[in-house]
Structures are given as structure tokens and as C-alpha cells.
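Student: attaching a predicted model along with its sequence, questions to come.
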Amino acid sequence: MKSFMMQGAKILSTGSAVPNFSLNNYEMSEIVNTSHEWIFTRTGIEERRLLTGTKKSVTDLAIMASRNALNKISMDPQDIDLIILATSSPNDLFGSASQVQSELNAVNAVAFDLTAACSGFVLGIVTAYQFLQNGSYRNVLVIGADVLSKWIDWSDRSTCILFGDAAGATVLQSCSKEDNSILEFQLNTDGNYANHLSIAYKEEINPHPILNLYQGSFKYVSMNGKEVYKFAVSQVPLSILKCLNSLNISVGDIDWLLLHQANERILKAVAEKLSISENKIIANLSKYGNTSAASIPLALDEAIQDKKICHNDIIVISGFGAGLTWGTIIMKWKSL
């Protein structure tokens with residue numbers, strides 16, 4: 001019989017994985033009409049990692065990141081109850097989480113994909129929190145992983161300079177209310193602007209000769225950068241303030257601001273709107289570019305490895321992107 005007493009949840013471990021192949025801005029200028037200065041001044045990106053080679057997919061990175069997280073706490077994969085894979089670039093349109101479950105030998109885990117692009121990891125954490133809070137599961141593995149290099153038009157300067165491939169993973173466990181680290185969350189969607197960032201489906205011109213059925217295929221990543229920038233800079237601070245206000249926490253109580261690593265100008269603009277010092281921004285965008293659902297867990301894992309984050313630090317985590325979707329989690333970090 002499962003207990004349905006309300007409980008807390010905390011992150012036990014983090015892990016990450018990036019491909020070996022690195023493409024810097026100077027090398028990018030040999031592929032498309034651009035320059036290091038043009039890219040860096042507009043985005044803050046200096047290089048990105050790409051998953052090259054045959055038969056490589058998002059599951060390879062997701063598995064590596066997951067094993068990294070599990071090994072840090074010597075957890076048997078068979079102790080995992082649920083796996084949530086946040087990705088918009090599965091290697092199977094029906095989902096890739098089950099492949100991760102199989103490779104990890106997490107035989108007792110339910111596994112499913114969650115598609116919310118750059119907001120995916122935030123939604124994955126919130127989803128996991130519900131299962132942990134109501135006592136349905138004890139250990140949940142949340143993975144953010146994307147390989148958008150496979151969905152990029154490498155002749156389109158507006159998108160190819162931005163994206164990189166990576167994965168990040170976290171192991172969450174139910175705990176007492178006193179030890180709870182997830183203090184508040186807030187989620188939003190506005191589908192009226194879905195066309196600003198998408199991988200659209202395009203129908204063939206001619207239908208099936210008998211069935212009148214139009215088939216097709218998915219196109220490359222398409223983005224209206226100006227509109228996405230305006231959306232992020234206007235909506236993300238409001239989401240953060242709503243969370244803070246519900247907890248009666250002031251902006252001054254924030255120790256770290258961890259945003260989706262989309263563009264350095266967005267990170268700084270959001271911090272400025274909230275009057276948060278740039279010294280409190282966690283950022284690794286320059287090394288990896290926009291890694292979509294992987295960006296937040298990748299940056300979180302690196303910050304923990306670098307011992308930036310201390311016990312009881314207040315971390316504001318916000319994801320934003322395609323959908324358009326956005327969301328915030330307020331977390332009080334508990335040392336591992």
C-alpha cells in the first residue's frame with residue numbers, strides 16, 4: 001500500500017554528459033557566413049558540442065548523464081521508480097525514455113518522454129515532484145537531453161550558431177517536509193506564439209492517390225529571435241516574482257539565478273529587471289551554446305562540481321522556450 005501523506009522532495013545527485021566534438025565560432029565561420037565577433041557579441045557563445053558519428057542519438061548522452069548521477073551516490077538503477085526524459089529530439093518519435101530505462105537496467109522504473117523543448121527540464125522536475133510529494137514513488141530520475149544539431153539547417157545563420165548537444169540528469173528522492181528543497185513552482189503556456197520557435201511538420205504537395213492522405217516530414221528548427229527575446233525578458237521575471245511573493249521571499253534572498261542558457265543578453269536582462277547582481281548568475285553558455293532541455297541540469301551539475309552552491313542556498317531556476325512555455329522553481333539547496 002502506497003502512502004499518500006504529503007511529503008517533500010530533494011535532489012540527491014546530479015550528472016551531465018557532453019559530446020567530445022567541439023565547434024568554435026571561428027570554425028563555424030567556415031560553415032556559414034558569420035564571424036566569432038558577430039556570434040559572441042549577440043549571444044555570448046564561443047563554442048558548442050555536437051554529437052557526431054553514426055548511430056549516435058540523444059539516448060547515448062542521456063544514459064551517460066544518468067550513470068554519472070547514479071554513480072555519485074552509488075545508487076542501484078533498480079531502485080529507480082520513475083524515469084522522465086525531457087527531450088524534443090528523441091531518436092524514436094514514440095519516445096526514447098524506455099530505451100534509457102533498458103540500457104540502465106532500471107527494470108523497476110516506469111519511463112516516459114516529456115516534450116517541452118527548453119522548458120522541459122523544469123516541467124520534468126515539477127512532474128517528478130508531484131509523484132514524490134504524494135508518496136507514489138520514492139526515487140525519480142529526471143533527465144534533460146537534446147541533440148538539436150540533427151534538426152538544424154546548417155546554412156541558416158540565425159539558428160545554427162545557437163544550438164549544441166548535451167544531457168543533464170538529477171536523482172530526486174522523497175523526504176520529510178522539513179528537508180524539502182522544492183519550495184515553490186509556477187508554470188505557464190501561451191500557444192498563441194508557438195510559431196516563434198518550432199520544428200514544424202510539412203505536408204507533401206501531392207496526396208496518396210487513393211486515400212487522399214497527405215503525408216510529410218518535419219522541417220528544421222525555425223525561430224523568431226526578436227520575439228523570443230521579448231517574451232523571455234518580459235515573462236520570466238514576472239514568473240520569478242510570482243514565486244517569490246507566494247513564499248514571502250525577497251529578491252535579496254536569492255543566492256543563485258539559474259536560467260535556461262539561451263542567450264547571454266537574456267540572462268543579463270532578466271537579472272537586471274530583478275535587480276539581481278550578475279555575480280549570482282550561473283552560466284556556462286559560452287562553452288556549450290543553447291542545449292535546450294539539457295541546459296539547466298548541465299549548468300547545475302557544473303556549479304555543484306565547482307562548489308559554487310552551498311547548503312541552504314536559495315536557487316531560482318527558470319526555463320523558457322518553444323510552446324511558448326515557461327516556468328520557475330524556487331529551491332533551497334540541501335547539501336548532498
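Tutor: Noted; the coordinates are in hand. None of these values were measured; they are calculated from a predicted model.

Student: let me see the contact set for the most centrally placed residue in the chain.
Tutor: Compute the mean C-alpha point of the chain, and by Cα atoms, centre = their mean the closest residue is Ala293, 2.3 Å away. Residues near Ala293 by Cβ atoms under 8 Å, 6 or more residues apart in numbering: 86-88, 116-121, 124, 144-146. Quick note: C-beta positions are derived from backbone N, CA and C, even for glycine.

Student: out of the residues you listed, which are inside helices?
Tutor: Those of those mapping onto helices are Gly120, Phe121, Gly124, per DSSP state H.

Student: pull out the buried members of those residues.
Tutor: Neighbour counting with 16 or more other Cβ atoms under 10 Å marks Gly120, Phe121, Gly124 as buried within the ones in helices among the contacts of Ala293.

Student: can you tell me which of those residues is nearest Ile45?
Tutor: Nearest to Ile45 out of these is Phe121 (Cβ to Cβ; 19.4 Å).

Student: beyond the helix ranked longest in the chain, next helix or strand please.
Tutor: Assignment by DSSP H gives helix 225-247 as the longest helix of the chain. Downstream of helix 225-247, the next assigned helix or strand under DSSP states H and E is strand 256-259.

Student: hmm, who's touching that following strand?
Tutor: Outside of strand 256-259, the residues within contact range by Cβ under 8 Å, 6+ apart are 236, 266-267, 270-271, 274, 276, 280-282, 296, 299-300, 303, 308-309, 313-320.

Student: among the residues you listed, which are located in helices?
Tutor: Using DSSP H, the subset of the contacts of strand 256-259 located in helices is Val236, Ile266, Leu267, Val270, Ala271, Ile296, Ala299, Leu300, Ala303.

Student: of these - the most surrounded one?
Tutor: Neighbour counts for these peak at Ile296, which has 30 neighbours (criterion: other Cβ atoms under 10 Å).

Student: how about the closest residue to that one other than its chain neighbours, what does it touch?
Tutor: Sequence neighbours aside, Phe121 is the residue nearest to Ile296 in space, at 4.8 Å (criterion: Cβ to Cβ, 6 or more residues apart in numbering). Residues near Phe121 by Cβ under 8 Å, 6+ apart: Ala86, Val142, Gly144, Gly168, Ala293, Ala294, Ser295, Ile296, Pro297, Gly319.

Student: and Phe121, how far from Asp179?
Tutor: Per Cβ to Cβ, to the nearest Å, Phe121 is found 22 Å from Asp179.

Student: neighbours around Leu70, how many?
Tutor: 23.

Student: pLDDT on whichever strand or helix holds it, on average?
Tutor: In the assignment (DSSP H and E), Leu70 maps to helix 58-72. Helix 58-72 comes out with an average pLDDT of 98.

Student: quick check: buried residues in that helix?
Tutor: So for helix 58-72, counting by 16+ other Cβ under 10 Å, buried means 58-70, 72.

Student: closest to Leu172 out of those?
Tutor: Nearest member of the buried residues of helix 58-72 to Leu172, counting by Cβ to Cβ, is Ala69, at 10.3 Å.

Student: could you check how far that closest one is from Asp313?
Tutor: 20 Å.

Student: kindly report the same for Pro237.
Tutor: Distance, Pro237 to Asp313, by Cβ to Cβ: 20 Å.

Student: neighbour count: the two, which is higher?
Tutor: Pro237 (20 against 16).

Student: excluding its backbone neighbours, what's nearest the more buried one?
Tutor: Pro237 sits nearest to Lys273 (Cβ to Cβ, 6+ apart), 4.4 Å away.

Student: quick check, the one you found in contact with Val233.
Tutor: Yes. Judged on Cβ atoms under 8 Å, Lys273 makes contact with Val233 at a distance of 7.0 Å.

Student: looking at those two, which has the bigger crowd around it?
Tutor: Using other Cβ under 10 Å as the criterion, Lys273 and Val233 rank with Val233 on top: 18 against 15.

Student: show me what contacts that one?
Tutor: Counting by Cβ under 8 Å, 6+ apart, Val233 touches Ile266, Ala269, Val270, Lys273.

Student: can I get the residues you listed in CSV with pLDDT and distance to Glu30?
Tutor: What follows is these, written out as CSV (pLDDT from 0 to 100; distance: Cβ to Cβ, whole Å):
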residue, pLDDT, distance to Glu30
Ile266, 97, 27
Ala269, 97, 31
Val270, 97, 33
Lys273, 97, 37
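
Student: so which of those residues comes closest to Leu12?
Tutor: Val270 (28.7 Å).
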